[in-house]
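[1] Using only what follows, build the 3D model:
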Amino acid sequence: MSRNWFPTTDAELLPFTTNLSTKLTAAPATYGAVAGDATALAGLLSTFSTALTAAVNPATRTKVTVATKNAARNSLVSNLRLLYKKINVANLAADKREELGLPVRDGTPTASGAPATKPIANVADTGEYAALLRVVDEATPLKKARPGGTDGAVVMSYVQIASEAIPTDLEKWSFKGIAKRSDFRVEFSAGEAGKTAHVRLMWFSPRGQLGPASDAVTFMIAA
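    Numbering: from 1, shown residues only. Okay, here's the model as predicted:
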């Protein structure tokens, strides 16, 4: 797998692989793969996503959960390397490679970069251990559609304990999912009820490149 395109951070690897897995699951043959390839990737992605959440959540972050996350990442990367070779053999058209977030191999790749704008999130409703977020783009706040060249938004949260300082490093926040639509339900545990939650989002491109993080939306977790 070329280092020129492969995401190097967990925060970038997750949305990149989520996009790849979604495309392969929907139509594996279209991308030179088979159903078994899509199933294997989806399983490894799920394991990595769960392990990553435990590793970045201050309440569950330990040497064990970090080691588990690293092992899950290594397994996922190994699978991606093999899958990349298989897709290359299929000699896909440029547009299909772009859909997967892979570099075009015709010598004239289409320029693409990280999203330039950030999401705006507001709490539309709250319920038992959850909140419904309404997400728009800062450039088009009156429209529900996400900006062109993006595949969704990464949702991160931090549950504040008492008056502790909120970390600026989003690697220390908890991954809550991928927002594909304007409405996204973010869920918490029963033990977090009554605490203050902070949520930030980042648009990501089909190649897993992250845009700037949104301002935090803050609310009390309902019981």
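[2] Quick check: next helix or strand after the lowest-mean-pLDDT helix or strand in the chain?
    Least confident element among the helices and strands of the chain, by mean pLDDT, DSSP states H and E: helix 94-99 (a mean of 88). Downstream of helix 94-99, the next assigned helix or strand under DSSP states H and E is strand 119-127.
[3] List the pairing partners of that following strand within its sheet, with orientation.
    The pairing partners recorded for strand 119-127 under DSSP bridges are strand 130-137 (antiparallel).
[4] where exactly do the helices run in this protein?
    Along the chain, counting by DSSP state H, helices occupy 10-26, 35-56, 63-89, 94-99.
[5] Tell me which residues of the shortest one come out buried.
    So that's helix 94-99. Lys96, Arg97, Glu98, Glu99 (16 or more other C-beta atoms under 10 Å). Any C-beta I mention is one placed from the backbone N, CA and C, and that applies to glycine too.
[6] and the last one, what is it in contact with?
    Read that as Glu99. Lys23, Tyr31, Pro206 (C-beta atoms under 8 Å, 6 or more residues apart in numbering).
[7] Most neighbours among those residues, which one?
    Tyr31 (22 neighbours; other C-beta atoms under 10 Å).
[8] That one and Val89 touch, don't they?
    No - contact between Tyr31 and Val89 fails when scored by C-beta atoms under 8 Å: they sit 11.7 Å apart.
[9] tell me which residues form a beta bridge with Val135?
    So, taking DSSP bridges as the rule, Val135 has Ala121 as bridge partners.
[10] That one: neighbour count?
    Neighbour number of Val135 under other C-beta under 10 Å is 24.
[11] and it, what does it touch?
    Pro119, Ile120, Ala121, Arg146, Ala153, Ala179, Ser182, Asp183, Phe184, Leu201.
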